[in-house]
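Chemist: Give me a model of this one.
(one chain, ligands or ions: 1)
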Amino acid sequence: MYRLVATCGFGLESVLAYEIRHLGFEEVEVHDGRIFFDADEYGIAIANIWLRTAERVLIVLDEYPAPDFDALYDGAFSSDWSSVLSSGDAFPVKGYSLNSKLTSIPACQSVLKKAIVEKMKAQYSTQFLPERGVEKKIRFSIVKDICTLMLDTSGDGLHKRGYRPLLNEAPIRETLAAGMTDFARVYDDSTVVDPFCGSGTIVIESAMRAMNLAPGLTRAFAAEEYDIVGKEIFDEVRSEARAQIRNDVSFRGIGSDIDGSAVRIASDNAQRAGVGHLCSFSVSDARDLVPEAGSLIITNPPYGERLSSPEEAEKLCADFGKRIVNGDQRGTYIISSLPDFEKHFGKQASRRRKLYNGMIPCQLFMYFSEKKRQD
Ligand SMILES: C[S@@+](CC[C@H](N)C(=O)[O-])C[C@H]1O[C@@H](n2cnc3c(N)ncnc32)[C@H](O)[C@@H]1O
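Modeler: This next block holds a predicted model:
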């Protein structure tokens with residue numbers, strides 16, 4: 001059994017913890033941006049392939065107080081590195097420190113690297129570690145003077161599903177879009193409308209959820225190369241995941257954008273994601289939207305930071321609000337960084353959730369319809 005940690009964007013912890021429990025993992029412990037849980041080798045593959053809102057899955061190797069460099073070195077030296085690293089493996093060390101006495105990341109990195117190298121030399125009775133084999137990324141965090149040493153199992157961040165090689169100007173992270181679809185309660189019979197769809201991420205993530213399509217089904221993971229997990233286990237979990245795809249769903253995803261090139265990209269991305277048959281994309285101005293009765297509007301309008309100007313973004317938000325606040329939709333979920341979003345939109349949200357879109361602090365404004373779903 002391994003102790004794992006799945007990382008996520010701030011604000012998504014409850015959603016990710018739910019996902020982890022729903023997959024059957026135990027001993028789930030929730031911290032800011034990090035959810036700890038227990039799993040075996042299969043669990044490592046399952047977590048990587050199935051978690052929609054996690055950024056990365058790592059094996060926790062050790063956790064110890066590190067108020068100074070000596071303690072940092074000694075803790076890393078006393079870990080059993082030969083249980084996870086072979087003598088030829090490459091092991092770059094990266095990390096961060098938060099609210100701790102040790103603040104210099106390059107210094108912490110080189111102290112940890114030295115400790116691991118010295119321990120490995122002793123464990124493998126060698127003076128030379130070629131580091132030309134499999135790359136195993138060692139990550140560390142120092143939070144409130146506690147150092148956690150971890151082995152990355154994901155490789156590329158889990159937001160990289162593989163369906164979005166073509167990027168328009170300001171795409172939302174796939175993991176954040178997936179979190180929004182969870183807050184919005186997307187079901188297999190939902191109609192999801194995104195009138196500012198850009199590269200289509202929200203519609204595509206909604207469709208994948210509706211079809212029970214595992215987000216990591218078609219990509220590779222670092223731990224496939226590790227002797228402690230391996231490709232066979234990942235392939236087994238992938239083939240079980242394929243068998244769980246639901247092709248009988250009545251879900252519809254409707255995306256539109258004022259920019260024709262974004263619409264073409266969204267369409268291509270949906271095809272690549274395997275949900276093209278459930279989604280349609282067209283060129284349209286969001287200010288002309290007529291909300292479909294019973295639909296869910298889930299969207300990410302321009303903020304005015306990466307696109308247009310703040311004033312234009314506020315005006316667009318006001319015009320869009322006038323168009324839809326009294327519509328017949330089942331719910332409206334808008335992520336925005338505009339400080340007075342509700343004032344411009346013209347209605348107070350039923351609930352709000354603080355989130356980050358990359359480095360931009362945002363809020364998800366949730367408007368529930370009085371008409372509740374009957375089930
Ligand atoms: C923040 S981006 C959305 C990114 C999208 N969530 C994604 O993942 O790619 C905002 C989008 O709104 C579009 N847009 C701006 N003004 C619009 C309008 N009046 N009607 C419809 N789309 C508009 C832009 O072309 C841009 O693609």
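Chemist: burial measure for residue 248, as a count.
Modeler: Counted with other Cβ atoms under 10 Å, residues neighbouring residue 248 total 6. Where C-beta positions appear, they are placed from N, C-alpha and C, glycine not excepted.
Chemist: Grab the most central residue of this protein for me.
Modeler: residue 175 (3.0 Å; Cα atoms, centre = their mean).
Chemist: Which residue is the nearest non-sequential neighbour of that residue?
Modeler: Excluding its sequence neighbours, the residue lying closest to residue 175 (Cβ to Cβ, 6 or more residues apart in numbering) is residue 159, at 4.5 Å.
Chemist: what about the one you found, how many residues close to it?
Modeler: Residue 159 is flanked by 22 other residues according to other Cβ under 10 Å.
Chemist: all helices for the stretch 251-375 of the chain, in order.
Modeler: 260-273, 310-324, 341-345 (DSSP state H, counting those that start in this stretch).
Chemist: Could I get the contacting residues of the residue of the stretch 101-250 of the chain found nearest the ligand?
Modeler: Among the residues of the stretch 101-250 of the chain, residue 198 lies closest to the ligand, at 2.6 Å counting by Cβ to the nearest ligand atom. Contacts for residue 198 were tallied using Cβ atoms under 8 Å, 6 or more residues apart in numbering; they are 168-172, 257, 259, 262, 266, 300.
Chemist: With residue 72 instead?
Modeler: Residue 72 is in contact with 66, 102, 108, 111-112, 115, 142, 147, counting by Cβ under 8 Å, 6+ apart.
Chemist: Among the residues you listed, name the ones in helices.
Modeler: Among those, the ones falling in helices (DSSP state H) are 108, 111-112, 115.
Chemist: Now pLDDT too, for those, in TSV please.
Modeler: Shown next, in TSV, are those (pLDDT from 0 to 100):
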residue	pLDDT
108	98
111	98
112	98
115	98
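Chemist: who's in contact with residue 336?
Modeler: 300-301, 303, 317, 362-363, 365.
Chemist: Could you grab the helix/strand/coil label for the residue of the stretch 101-250 of the chain closest to the ligand?
Modeler: Recorded secondary structure, residue 198: coil (DSSP: H, G, I helix; E, B strand; the rest coil).
Chemist: And for the one 4 residues further on?
Modeler: Here residue 202 takes the helix state, with states given by three-state DSSP.
Chemist: if I pick the spatially closest residue to residue 75 that is not a sequence neighbour, what's in contact with it?
Modeler: In space, residue 75 comes closest to residue 64 once its chain neighbours are excluded; the distance is 3.8 Å by Cβ to Cβ, 6+ apart. Contacts for residue 64 were tallied using Cβ under 8 Å, 6+ apart; they are 71, 75, 146-147.
Chemist: Share the number of residues neighbouring residue 263, please.
Modeler: Neighbours of residue 263 (other Cβ under 10 Å): 23.
Chemist: returning to what we had before: pull the helix or strand the residue nearest to residue 75 falls within out as PDB, backbone CA atoms only.
Modeler: Taking DSSP states H and E as the criterion, residue 64 maps to strand 56-65. Below are the C-alpha coordinates for strand 56-65, written out as PDB (Å, rounded to 0.1, in the frame of the first residue of the first chain):
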ATOM      1  CA  ARG A  56      -1.000  15.400 -10.400                       C
ATOM      2  CA  VAL A  57      -0.800  12.200  -8.400                       C
ATOM      3  CA  LEU A  58       2.300  11.500  -6.300                       C
ATOM      4  CA  ILE A  59       3.600   8.800  -3.900                       C
ATOM      5  CA  VAL A  60       4.400  10.200  -0.500                       C
ATOM      6  CA  LEU A  61       7.800   8.900   0.400                       C
ATOM      7  CA  ASP A  62       8.400  10.600   3.700                       C
ATOM      8  CA  GLU A  63       7.200  13.400   5.900                       C
ATOM      9  CA  TYR A  64       9.300  15.000   8.600                       C
ATOM     10  CA  PRO A  65      10.000  18.400  10.400                       C
END
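Chemist: mind checking how far it is from the chain centre?
Modeler: The chain centroid and the centroid of strand 56-65 are separated by 19 Å under Cα atoms, centre = their mean, to the nearest Å.
Chemist: And it, what's buried?
Modeler: 56-59, 61-64 (16 or more other Cβ atoms under 10 Å).
Chemist: ok, residue 59 touching residue 1?
Modeler: No - contact criterion Cβ atoms under 8 Å: residue 59 and residue 1 do not qualify, at 10.7 Å.
Chemist: If you average the pLDDT over stretch 234-241, what comes out?
Modeler: In this model, stretch 234-241 has a mean pLDDT of 98.
Chemist: again, but for stretch 145-152
Modeler: In this model, stretch 145-152 has a mean pLDDT of 98.
Chemist: Over to stretch 180-193?
Modeler: On average, stretch 180-193 scores 98.
Chemist: buried set for that stretch?
Modeler: Judged by neighbour count (16+ other Cβ under 10 Å), stretch 180-193 contains these buried residues: 180-184, 186-187, 190-193.
Chemist: Dump those into CSV; add distance to residue 47 as well.
Modeler: Shown next, in CSV, are these (distance: Cβ to Cβ, whole Å):
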residue, distance to residue 47
180, 21
181, 19
182, 17
183, 21
184, 23
186, 21
187, 24
190, 26
191, 30
192, 26
193, 31
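Chemist: Looking at the residues you listed, which are in strands?
Modeler: The strands, defined by DSSP state E, take in 191-193 from the buried residues of stretch 180-193.
Chemist: Nearest to residue 91 among these?
Modeler: Proximity of those to residue 91 (Cβ to Cβ) peaks at residue 192, which lies at 42.6 Å.
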